[in-house]
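[1] Please work out how this folds:
(2 chains)
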Amino acid sequence: EDQVTQSPEALRLQEGESSSLNCSYTVSGLRGLFWYRQDPGKGPEFLFTLYSAGEEKEKERLKATLTKKESFLHITAPKPEDSATYLCAVQARDTGGFKTIFGAGTRLFVKA
Amino acid sequence: DTGVSQDPRHKITKRGQNVTFRCDPISEHNRLYWYRQTLGQGPEFLTYFQNEAQLEKSRLLSDRFSAERPKGSFSTLEIQRTEQGDSAMYLCAVIGGRLLGSYNEQFFGPGTRLTVL
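    Numbering: from 1, shown residues only, chains lettered A, B, ... in the order given. Reported below is the predicted structural model:
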């Protein structure tokens, strides 16, 4: 069964303390892996798409990487405004098309 | 700004009442999705439209749920005889398209928060 698992469920960091969030997946026919940021009470905000193992994308303090089984979102020197839930989603082949499956997210808290 | 608006942003209703939500994407987005998100979980797929055609429905979409996209632009999601278990955030998303410069990623609206008392 297709599955997306994110860890840890919650992560508390001090400002400037770098860390990584993990997204492991088991899907047949991966088409792409997406990272989103979601603030409380709002819709997810698109961050990155990764298509193949070895690919990396960067945006400000965030860097996403992809292997054949998992993706990491590295946060370098985080600031309090980086506090949010980070969602991982995979797009996989499905009968008649494709489907998108989301993980449960990692809640990041960055303290000043 | 994804150009996707949802109305209302919040809805409180009593169990057994019917509710309807609306999603308005800017034009050009021929693929439109509805998701449901409960606290502490990621979005779960409900249904998908290609223009005005509803192409796929999740098993989560019981017969109390119906969605339409009459002219291939805005979409509505109706829940009949609401139950407390329907309380969730209902999210609308579109594939970016030429305007947003992407063809695989989904861009989300702000969501409608439903509370069933």
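[2] Direction included, what does the lowest-mean-pLDDT helix or strand in chain A pair against?
    Across the helices and strands of chain A, the lowest-confidence element by mean pLDDT, DSSP states H and E is strand A:97-102, at a mean of 86. Sheet pairing here is set by DSSP bridges, and for strand A:97-102 it gives strand A:84-94 (antiparallel).
[3] before we move on, the earlier item: pull out the buried residues from the least confident helix or strand of chain A.
    A:99-102 (16 or more other Cβ atoms under 10 Å in any protein chain shown). The way it works is simple: take the backbone N, C-alpha and C, and place the C-beta from them, glycine included.
[4] what do you get for stretch B:66-73?
    Neighbour counts over stretch B:66-73 (16+ other Cβ under 10 Å) mark B:67, B:69, B:73 as buried.
[5] how far is it from where the chain is centred?
    11 Å (Cα atoms, centre = their mean, to the nearest Å).
[6] ok, and of the buried residues of stretch B:66-73, which contact chain A?
    When Cβ under 8 Å from any Cβ of the partner chain is applied, no member of the buried residues of stretch B:66-73 is adjacent to chain A.
[7] what's the closest of the residues you listed to residue B:91?
    residue B:67 (12.9 Å; Cβ to Cβ).
[8] Thought residue B:90 was touching that closest one, still the case?
    No: under the criterion of Cβ atoms under 8 Å, residue B:67 is not in contact with residue B:90, lying 10.4 Å apart.
[9] joint contacts of these two?
    Common neighbours of residue B:67 and residue B:90 are listed as B:34, B:46, B:77 (criterion: Cβ atoms under 8 Å, 6 or more residues apart in numbering or on different chains).
[10] Now rank the residues you listed by neighbours and give me the top one.
    The residue in the shared contacts of residue B:67 and residue B:90 with the most neighbours, by other Cβ atoms under 10 Å in any protein chain shown, is residue B:34 (26 neighbours).
[11] How much space separates that one from chain A?
    12 Å (Cβ to the nearest Cβ, to the nearest Å).
[12] what's across from that residue in the sheet?
    residue B:47, residue B:92.
[13] Could you verify my assumption that it touches residue B:44?
    No: using Cβ under 8 Å, residue B:34 is not in contact with residue B:44, being 10.0 Å away.
[14] Let's see stretch A:94-103 as PDB, backbone CA atoms only.
    The C-alpha trace of stretch A:94-103 is given here as PDB (Å, rounded to 0.1, in the frame of the first residue of the first chain):
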ATOM      1  CA  ASP A  94      -2.700   5.300 -10.200                       C
ATOM      2  CA  THR A  95      -5.200   3.400 -12.300                       C
ATOM      3  CA  GLY A  96      -6.200   5.900 -15.000                       C
ATOM      4  CA  GLY A  97      -3.900   8.600 -13.900                       C
ATOM      5  CA  PHE A  98      -2.000   9.600 -10.800                       C
ATOM      6  CA  LYS A  99      -2.700  10.400  -7.100                       C
ATOM      7  CA  THR A 100      -1.200  12.600  -4.500                       C
ATOM      8  CA  ILE A 101      -0.700  11.300  -0.900                       C
ATOM      9  CA  PHE A 102       0.200  13.600   2.000                       C
ATOM     10  CA  GLY A 103       2.100  12.800   5.100                       C
END
